[in-house]
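Q: got a sequence here, can you model it:
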Amino acid sequence: MSTLTEPGPAPANGNGAGGGSDPVTAGPAGAAAAPRGTYADTAVITATFVRLKLSLIRNGLRQTTGRKAGFISTAITAALFGGLGMLGLLALSGNAHIAALSTVVVAITALTWAFMPLFLGASDETLDPGRLVMLPLSPRSLMTAQLAASVVGVGPVFTVMLVAGAALGTARGAGGYALAVCAIALILLTCTVASRAIATANARLLTSRKGRDLAILSGVVIALGVQGINLLVQKVAGDGGSAPLHTMADILRWLPPATAIEAVRAASAGSYGVAVAALAGTVAALSLLVWWWQRTLTRLMTSPDGSTIMAPETGGKERRGRAAGEGGGLLTRLLPAGRDGVVMERALRYAWRDPKAKMSWAVAVGMGVMFPFIWAAQGSATVYHACWGAALLGLQMYNQFGMDYGAFWLITQTIHTKRDAYLELRGRLLAIALIGVPFTCVVVLVSAAVLDEWARLPDAMGLALALLGVLLGGGAVASVRFPYSIPQDNAMRNVAAGQVSMVWYGVIGGMVAGALLCGPLIGLTIWLNVSAAGWAWIVLPLGAGYGLAMAWAGLRWAAPRAADRLPEILAAVSKP
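A: Model prediction:
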């Protein structure tokens, strides 16, 4: 734990610094506060942080060729789209809609910066002030240095391009352009300070498992929210053309930092009073964020954490009670006995605890629910669209061993025969089916109720269950034939460098194969609906049986090959 203290009067021997009001960081708990004169000034600290950020980027690029290629492609893409966005906004200069468009662009950019710590907290070490609290720095110096490090990278350059296009495209006259330059700096400062303040307020949360879970949940919520906004905009745009853009701009132009764009618009129109008021709104918001950031940073630097607080001793009776209860939960009692139950429990716990597994499940469930309702809102829905939910959940069976990463070697020690491999794969398949089958049934039922297509419910349910079974069986095959690594030390990568082709072969090829294998059942459904609608209900038992048979066939084919390819699978899923 580090502490902040107010420097006292200068020592009698003259070696210390005089008193001051800026708190400084002392060393570990119990150490005396060092005199201010021994610390480097803010300019040197800031330069050091900028070099640190550049070193982190450079060293990250040296790790693998794939990471270097990813960074270069990201930089090129950001420069291309940022440049095109800036040129497009500048080209609209003089258009009646440029002010409204610029306001919305700036508001969305600021919102992105606000959410960025939730996704980058584990990958950017300079975002975590908890790593820096032991350094002899004052909060003010640390804030200045972190702020300078924030504007180093691809994201800030992309932001400057968009904001510059928005502000300069809105400006008119000398006053408008002068205010546009101030607006660009204020918007960038507000975005970076907001990002750092949120990261500081959630520093300990973002480095924990709960923080990673929050990032996953936020990503899903944002994806669903963006789709909802997209549908709303399309609906309103169909009725009023550019009306939704101006409606959103009328709301956002008085919310910082979009008020800076409103200031540019007002100054260009000669309304200098409105311009000053709008610019003052952005300045006030920036000041409030700086105050909040400094307060939370001071609290973080002075409060103890888990590394400095000893866990309280618990009684032997309580420890024995916890030990006796371990492994005897409700989940364990509900699952079947034997290896099937053990493998199912392990897979379900991975899905609940591992951030990347949870992200995959959350996306599958969220998109499976969202797609039918998007089509319903657009007026082109049918109950058969519920098959998307079954397809996305069936894809969870693909690359089953990749999530184990290097720990797969422990599982290989338990597989001695082809029967062991079959039970291992079957347990993983049953864990997905335990959630996938009820979820598929519910989505189809809800879709039929919302669309009032009860007559098509049986054949839609049969097709969905057949597709789920086919993809589960195909996933078992793909997991053995095309395994790939999912690195656990990098939150931003879901496949190891050089294995992208495995993803394409496994997932895309599996989807195509699944559609082809479901072809006979799809053809039968079409024929029954056209020629013998009264017999369409037989697709339900046929589809359920067909899916079960295809899942079993996939397991029977994959199990003996998995037993023979254990070394190759282990090497593939352990690749960093």
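Q: surely residue 426 touches residue 340?
A: Yes: between residue 426 and residue 340 there is a contact at 6.3 Å, judged by CB atoms under 8 Å. Quick note: C-beta positions are derived from backbone N, CA and C, even for glycine.
Q: compare these two (neighbour count), which wins?
A: residue 426 (21 against 18; other CB atoms under 10 Å).
Q: for residue 531, the count of nearby residues, please.
A: Neighbour number of residue 531 under other CB under 10 Å is 8.
Q: what pLDDT is listed against it?
A: pLDDT, residue 531: 81.
Q: tell me the contacts of residue 414?
A: Each residue near residue 414 by CB atoms under 8 Å, 6 or more residues apart in numbering is listed here: 420, 424.
Q: what does the one 5 residues further on give?
A: Contact partners of residue 419, counting by CB under 8 Å, 6+ apart, are residue 559.
Q: and for residue 387?
A: With CB under 8 Å, 6+ apart, residue 387 has these contacts: 460, 463-464, 467.
Q: give me the pLDDT for it.
A: pLDDT for residue 387: 85.
Q: distance-wise, check it relative to residue 470.
A: For residue 387, the distance to residue 470 equals 11 Å [CB to CB, to the nearest Å].
Q: check which residues of stretch 137-150 are buried.
A: 137-139, 141-150 (16 or more other CB atoms under 10 Å).
Q: ok, which stretches of the stretch 1-150 of the chain are strands?
A: 2-5, 24-28 (DSSP state E, counting those that start in this stretch).
Q: these two touch, right, residue 153 and residue 57?
A: Yes: with contact defined as CB under 8 Å, residue 153 reaches residue 57; the gap is 7.1 Å.
Q: the two: which has the busier surroundings?
A: residue 153 (19 against 14).
Q: residues contacting the more buried one?
A: 53, 57.
Q: which positions in stretch 75-87 come out as buried?
A: 78, 82, 85-86.
Q: for that stretch, the averaged confidence score.
A: Across stretch 75-87, pLDDT averages out at 89.
Q: do the same with stretch 164-181
A: Mean pLDDT, stretch 164-181: 90.
Q: how about the CA coordinates for that stretch, as CSV?
A: The C-alpha trace of stretch 164-181 is given here as CSV (Å, rounded to 0.1, in the frame of the first residue of the first chain):
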residue,chain,number,x,y,z
ALA,A,164,-11.1,17.8,-37.0
GLY,A,165,-13.4,17.0,-39.9
ALA,A,166,-16.5,17.6,-37.8
ALA,A,167,-15.3,20.9,-36.4
LEU,A,168,-13.7,22.4,-39.5
GLY,A,169,-16.6,21.2,-41.7
THR,A,170,-19.0,23.0,-39.4
ALA,A,171,-17.0,26.2,-39.2
ARG,A,172,-17.6,29.4,-41.2
GLY,A,173,-15.7,32.6,-41.1
ALA,A,174,-12.6,33.6,-39.0
GLY,A,175,-14.5,33.3,-35.7
GLY,A,176,-15.8,29.9,-36.6
TYR,A,177,-12.5,28.5,-37.6
ALA,A,178,-10.7,30.0,-34.5
LEU,A,179,-13.3,28.4,-32.3
ALA,A,180,-13.0,25.1,-34.3
VAL,A,181,-9.4,24.8,-33.3
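Q: not counting stretch 562-576 itself, show me its contacts.
A: 64, 401-402, 404-406, 408-409, 412, 415, 417-418, 420-421, 424-425, 479-480, 483-487, 489, 496, 498-499, 502.
Q: same question for stretch 88-95.
A: Stretch 88-95 is contacted by residues 98, 101-102, 105, 162, 165-166, 168-170 when judged by CB under 8 Å, 6+ apart.
Q: measure that stretch end to end?
A: Using CA to CA, to the nearest Å, the end-to-end distance of stretch 88-95 comes out at 12 Å.
Q: buried residues of that stretch, list them for me.
A: Buried residues in stretch 88-95 (16+ other CB under 10 Å): 89, 92.
Q: centre of the chain to it, how far?
A: Chain-centre distance of stretch 88-95: 33 Å, with CA atoms, centre = their mean, to the nearest Å.
Q: wait, what's in contact with residue 421?
A: By CB under 8 Å, 6+ apart, the residues touching residue 421 are 415, 559-560, 562-563.
Q: let's see it at 7 Å
A: The contact partners of residue 421, by CB atoms under 7 Å, 6 or more residues apart in numbering, come to 415, 559, 562-563.
Q: quick one, longest helix in this protein?
A: Counting by DSSP state H, the longest helix found in the chain is helix 418-451.
Q: what is the helix or strand just after it packed up against?
A: Counting by DSSP states H and E, the next helix or strand C-terminal to helix 418-451 is helix 457-481. With contacts defined as 3 or more CB pairs under 7 Å, 6 or more residues apart in numbering; DSSP states H and E, helix 457-481 has these neighbours: helix 387-394, helix 418-451, helix 509-517, helix 519-531, helix 539-564.
Q: one more time with 6 Å, if that's ok
A: helix 387-394, helix 418-451, helix 509-517, helix 539-564 (3 or more CB pairs under 6 Å, 6 or more residues apart in numbering; DSSP states H and E).
Q: give me the angle between the longest one and helix 387-394.
A: Following axes from the mean of the first three to the mean of the last three CA atoms, to 10 degrees, one obtains 160 degrees for the angle between helix 418-451 and helix 387-394.
Q: quick one, domains of this protein?
A: For the chain, the domain assignment from automatic domain parsing gives the residue ranges 38-302, 335-573.
Q: so where do the helices sit in the stretch 101-250 of the chain?
A: 139-150, 154-170, 173-201, 203-206, 209-240, 243-252 (DSSP state H, counting those that start in this stretch).
Q: hey, least reliable of the domains of the chain by pLDDT?
A: Looking at those, the bottom one is domain 38-302 with a mean of 78.
Q: which of the contacts of stretch 562-576 are buried, as a PyMOL select command?
A: The buried subset of those, as determined by 16+ other CB under 10 Å, is captured in PyMOL by this line:
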select buried, resi 64+401+402+404+405+408+412+415+420+421+424+425+479+480+483+484+485+486+487+496+499+502
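Q: any of the contacts of stretch 88-95 buried? List them.
A: 98, 101-102, 105, 162, 165-166, 168-170.
Q: and the helices in the stretch 301-450 of the chain?
A: Using DSSP H, counting those that start in this stretch, helices in the stretch 301-450 of the chain cover 316-325, 330-334, 339-353, 355-377, 387-394, 408-412, 418-451.
Q: deepest-packed of these, please.
A: With neighbours taken as mean count of other CB atoms under 10 Å, the helices of the stretch 301-450 of the chain reach their highest mean count in helix 387-394, at a mean of 26.
Q: so that helix versus helix 355-377, what angle?
A: 170 degrees.
Q: got the angle for helix 387-394 vs helix 539-564?
A: Going by the same axes, to 10 degrees, helix 387-394 makes 20 degrees with helix 539-564.
Q: check the offset of helix 387-394 from the chain's centre.
A: Helix 387-394 has its C-alpha centroid displaced from the chain centroid by 21 Å (CA atoms, centre = their mean).
Q: ends of stretch 349-362, how far apart?
A: 14 Å.
Q: from now on call the first residue 20
A: Happy to do that; since the first residue is 20 now, the last one works out to stretch 368-381.
Q: from the chain's centre, how far out is that stretch? Work that out for me.
A: 12 Å.
Q: what residues does residue 281 make contact with?
A: Residues near residue 281 by CB atoms under 6 Å, 6 or more residues apart in numbering: 272, 297.
Q: go again using 8 Å as the cut-off
A: 118, 122, 272-273, 293-294, 297 are the contacts of residue 281 under CB under 8 Å, 6+ apart.
Q: residue 569: which of the residues you listed is nearest?
A: Residue 569 has its nearest neighbour among these in residue 122, at 53.3 Å by CB to CB.
Q: counting neighbours, what do you get for the closest one?
A: So residue 122, with other CB under 10 Å, has 29 neighbours.
Q: wait, it sits on residue 280?
A: Yes: between residue 122 and residue 280 there is a contact under CB under 8 Å: 4.9 Å.
Q: okay, and the common contacts of the two?
A: What both residue 122 and residue 280 touch, as defined by CB under 8 Å, 6+ apart, is the set 185, 272.
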